[in-house]
Every structure is written in C-alpha cells, then in structure tokens.
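# A structural model of the following input is requested.
(one chain, ligands or ions: 1)
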Amino acid sequence: MKIFRERKAFQQAMADLKRTGKRLALVPTMGFLHEGHLSLIREAHKHADAVAVSIFVNPIQFGPTEDLDKYPRDFERDVRLCEQEKADFIFAPAPEEMYDSNASTRIIEKSLSSGLCGALRPGHFEGVCTVVAKLFNLSGADVAVFGEKDAQQLRVIKRMVRDLDFPVEIIGSPLVRDTDGLALSSRNRYLSEEERKRALVLNQALFAAKQAISRGGLAVAGEVAEAAEFEIKQRCDKLDYLKVLDSDTLQPPDANSREIIILAAAYFGKTRLIDSIKVEL
Ligand code: AMP
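Numbering: from 1, shown residues only. So this is what the prediction gives:
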C-alpha cells in the first residue's frame, strides 16, 4: 500500500495506473476509520482493480463554531486498517497541500443541499462538493463509494456528478450500525456513556417509524413523524430535524414516491448525530 501526501504525486500515480487499463475506485473519508468506512472499502474492491482511500479532514466543510479542531484523528491506526482491507493507496494531504492559499473556487449544488443539514450547516455541502470534485479530478477514479449514513451527502454528490458530467460512477453503500443499533460515526467518540445510551433513541425512533409506515403506508407518515419527533425530543438535548421524505428527491413524498427516507439529526451533549432509514413503499 502506498501513501501519498502530495496531490501532484497522487494524480500522476493514479494516471499511470489508469494507463495500464486498471479500474480505480475511490473511497473519500475524514479518517478515524470504523467498520462503516471499512464496508465502503470492501464494496469498492467489488467494482475496481485498485482502491484508493482518501483521508482528509476537510476544513472548508466545517462551520466556524463546529468541531474541526477536535475532530478525532489517528492516522497510524487508519493506515493499519486500510492495509488490513487491502486498499492499494492512501491519499492524505495536509490542508495547505490540498488548497492553494488563495483558492477561490467553490462548487454549489442548489437544490438537494438546501434543506436538512444544508439549512443548519451553511456552507457545509459547498465544502463537501468542492473537496469531492477535487478528489475526483486528482484520482481520475472510475467509481467512488459513499455511505448511506450521510444520505443527503450521497444524493448531493450524485446530482453534482450528473450535472457536471464527472466521468465517475457513484455507488451508495448501506449504513453500518453498532451491535446496539447506533449508526457508526467517528463522532460517537465524543459521547459520554450516558449520552451514548440516550443516543439510541435515534435509531429506535427511526426503526419504529419505519415499521409503522411499512404497515400503514404514506397515509400515516404525518402522525408517525410526529410520534418519532416526540420520542427523540424526550431524550436528546436538541433536535435539529426529523423528516419523512421521498428518498430520491428529498421532498415531501407523494403518490409517485417508490421509497421514502426518514432522517434525523439531534444533539446529545455537544455532539451532533445523524441517522436515517429507508422504507420501500
Ligand atoms: P466521514 O469520514 O464521516 O466523512 O465518512 C466517509 C464516508 O464513510 C462517507 O461516505 C460516509 O457516508 C461513510 N460512512 C460513515 N459512517 C458510516 C456508516 N456507519 N455506515 C456506512 N458508511 C458510513
């Protein structure tokens, strides 16, 4: 496994690899890897001859009051895990290497990113789209794998790729949960034992809502959303949103909706967690 710190060296090596006719998959991450990330690497191997994992805590997707400085990092452990999963390359640039000091170009997706996390984290998806576009250009990957954990992000990236004709196929990979049901996240590291126990309300409320909608269909979606919101509010410190939406459009579901997605974001202590679950209609 080869580790790159410089973008030109990474770009050159990936171009050389692609000239030999190999298919390349990219797995973008912010590191502090867990089983959720590893499932993406395994998925990536199914679609390509070589897998590159990027590890980069992207400063421009964090708001001024967010957790950029304390975001958990453990590069040596990440390297070991990537090796275990037989990743071929790691791209781990420093922020000053990734962005020129007077970088002034951003990519803005204007529809799917406007609600949910986008409404509460101004500039977040702009930062995500910009870094992901750079990673696509640097790697020249044929395929890139993203987790359903970040459901809105996955849809925003797919839209960006379609709208801007990036020659890359986007694969969505299922959300991986801990044994108790909590969605795996690098940010779970921040939770105290007591907060972590309370955080289980997120997945429990989403699963209950899924069951109710599977039984009762869209007709019960409104009351189910209210009940889930009530449940989560009982145990979290602040609810950002609980929404039942069309899984493709992230708009309120209608008669044409084939699948819906129930999404939630809430604070437990100072830690903001997101979770989501899909329901086929
Ligand atoms: P992050 O390092 O949190 O930016 O995540 C990097 C990638 O891993 C994103 O595509 C995430 O959606 C994905 N990911 C994070 N947590 C999980 C999880 N629990 N299950 C599946 N994918 C995940």
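# so what's residue 174 up against?
39, 147-148 (CB atoms under 8 Å, 6 or more residues apart in numbering). Glycine gets a C-beta too; all of them are placed from N, C-alpha and C.
# so which of the residues you listed also contact the ligand?
With CB under 6 Å from any ligand atom as the criterion, the contacts of residue 174 include 39, 147 near the ligand.
# tell me which of the contacts of residue 174 is nearest to the ligand?
For those, the minimum distance to the ligand (CB to the nearest ligand atom) is 2.3 Å, reached by residue 147.
# Quick check: pLDDT value at residue 48.
What the model reports for residue 48 is a pLDDT of 98.
# surely it meets residue 25?
Yes. Under the criterion of CB atoms under 8 Å, residue 48 makes contact with residue 25 at 3.5 Å.
# Most neighbours out of the contacts of residue 174, which is it?
Among the contacts of residue 174, the one with the most neighbours (other CB atoms under 10 Å) is residue 147, at 23 neighbours.
# Reformat the contacts of residue 174 as CSV; add distance to residue 59.
As requested, the contacts of residue 174 are exported to CSV (distance: CB to CB, whole Å):
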residue, distance to residue 59
39, 26
147, 21
148, 25
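# Going by neighbour count, which residues in the helix or strand hosting residue 46 are buried?
Following DSSP states H and E, one finds residue 46 within helix 35-47. Neighbour counts using 16 or more other CB atoms under 10 Å place 36-41, 43-45, 47 of helix 35-47 among the buried residues.
# just to revisit the earlier point, for residue 48 and residue 25, indicate the residue with more neighbours.
A direct count of neighbours by other CB under 10 Å for residue 48 and residue 25 places residue 25 higher, at 28 against 20.
# still on that earlier bit, parallel or antiparallel, which strands does the next helix or strand after the helix holding residue 46 pair with?
Downstream of helix 35-47, the first helix or strand assigned by DSSP H and E is strand 50-55. Here strand 50-55 has these sheet partners by DSSP bridges: strand 24-29 (parallel), strand 89-91 (parallel).
# now, of these, which is deepest in the fold?
Using mean count of other CB atoms under 10 Å, the stretch among the strands paired with strand 50-55 with the largest mean neighbour count is strand 24-29, at a mean of 27.
# where exactly do the helices run in the stretch 1-150 of the chain?
With DSSP state H, counting those that start in this stretch as the criterion, the stretch 1-150 of the chain has helices at 7-19, 35-47, 75-84, 95-98, 116-120, 124-139.
# ok, back up a step: in TSV: the contacts of residue 174, plus pLDDT.
Shown next, in TSV, are the contacts of residue 174 (pLDDT from 0 to 100):
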residue	pLDDT
39	98
147	98
148	98
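# nearest spatial neighbour of the spatially most central residue of the chain, skipping sequence neighbours?
Nearest to the geometric centre of the chain sits residue 150, at 3.4 Å (CA atoms, centre = their mean). What sits nearest to residue 150 in space, not counting adjacent residues and going by CB to CB, 6 or more residues apart in numbering, is residue 274, at 7.2 Å.
# The one you found pairs with what?
residue 265.
# Let me know whether it touches residue 120 as I believe.
No. Look at residue 274 against residue 120 with CB under 8 Å: they stay out of range, at 10.5 Å.
# so what sits against both of these two?
The contact sets of residue 274 and residue 120 overlap at residue 265 (CB under 8 Å, 6+ apart).
# So the two - more neighbours on which side?
For the pair residue 274 and residue 120, the greater number of neighbours falls to residue 274 (21 against 13), based on other CB under 10 Å.
# which residues touch that one?
Residue 274 makes contact with 117, 149-150, 183, 185, 263-265 under the criterion CB under 8 Å, 6+ apart.
# can I assume residue 279 sits in a strand?
Yes. Assessed with DSSP: H, G, I helix; E, B strand; the rest coil, residue 279 lies in a strand.
# For the longest helix seen in the chain, give the mean pLDDT please.
The longest helix of the chain (DSSP state H) is helix 193-216. Across helix 193-216, pLDDT averages out at 98.
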